[in-house]
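>>> sequence and predicted model, in that order:
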Amino acid sequence: MARFDLSGKVALVAGASRGIGAAIAHAMAEQGAHVICASRRVEDCQKVADAIIKNGGEASAMTVHLGHMQNLEDAITAIEQAHGRLDILINNGATNVFYGPAHKCPESAYDKTMEVNVKGPYFLTAKAIPLMLKGGGGAVVNVSSIDGLNPGLLRTVYGMTKAAVINMTKGYAKEYGRKGIRVNALLPGFTDTKLASALKEMPGIEQYLETNLALPRMAQPEEMVGAVLLMVSDEGSYMTGECIVVDGGATI
């Protein structure tokens, strides 16, 4: 895996307490990065960081609340003070507050989903960019979803937010590529995470997977990390503005 070497890099993973975020954190640490595991619940992130350290990697934990702008700014300031640089940002934090008919979505659920899934990643990236520029550049990966391409049933607002993340990815990529910052997105399909728990419980989900996926099963979070390592390492040095779909063939 030397081609994907991240030695000397400092990486911030927002939404690292479990699932895809935790898997990405472990993978980047295995490649030599110091990984800052972050989420709203720092105690959960500390468990991930402790596991990374136990495995011989370098990691720490901090609170990043995507709904609080001051907290985002404080987090980047703390990273600069502790490490002096930020090379990689993974925007993985997300929520799906409401699961049901679109016309019944409460305004509060709409606002919360937009705040965490769109506003948070947008401004965390915005606040991270000056620190990345000081270090000569960096790589950002936004975790979107195939719902950003084709809206899922009973999760219209969630799909809207993930479509916004795709466009945000391309916008940041176009604007900051000349300054040495690459921005790409991961679009997972059906992945076995807490966020997908409602989907796992849907009647007939096994039949759906068998009928509609070329690889007829849910993915494991670890199956998302290969694409991310490509996007954040020098192996992806000419890649920006791309949205890599990892969905077992769901969107074929």
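Nice, I can see it.

>>> any idea how many residues pack against the closest residue to residue 252 other than its chain neighbours?
Excluding the flanking residues, the one nearest residue 252 by C-beta to C-beta, 6 or more residues apart in numbering is residue 214, at 6.1 Å. Quick note: C-beta positions are derived from backbone N, CA and C, even for glycine. Residue 214 sits with 9 neighbouring residues when counted by other C-beta atoms under 10 Å.

>>> and the gap between residue 84 and residue 51?
Applying C-beta to C-beta, to the nearest Å, the value for residue 84 to residue 51 is 26 Å.

>>> between the two, which one's more packed in?
More crowded of residue 84 and residue 51, by other C-beta under 10 Å: residue 51, with 16 against 11.

>>> for stretch 117-127, which positions count as buried?
The neighbour-count check on stretch 117-127 (16 or more other C-beta atoms under 10 Å) flags 117-122, 124-125, 127 as buried.

>>> ok, so of the residues you listed, who is nearest residue 241?
residue 125 (13.8 Å; C-beta to C-beta).

>>> is that closest one in contact with residue 140, as I believe?
Yes. If you go by C-beta atoms under 8 Å, residue 125 and residue 140 touch, sitting 5.8 Å apart.

>>> name the residues contacting each of those two.
89, 91, 172, 183 (C-beta atoms under 8 Å, 6 or more residues apart in numbering).

>>> in PyMOL, how would I select the buried members of these?
The PyMOL selection below is limited to those of the shared contacts of residue 125 and residue 140 classed as buried (16+ other C-beta under 10 Å):
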select buried, resi 89+91+172+183
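
>>> just to revisit the earlier point, now render the buried residues of stretch 117-127 as TSV, adding pLDDT, secondary structure and distance to residue 153.
Shown next, in TSV, are these (pLDDT from 0 to 100; DSSP: H, G, I helix; E, B strand; the rest coil; distance: C-beta to C-beta, whole Å):
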residue	pLDDT	secondary structure	distance to residue 153
117	97	helix	18
118	98	helix	21
119	97	helix	25
120	97	helix	25
121	97	helix	24
122	98	helix	27
124	98	helix	30
125	98	helix	30
127	97	helix	35
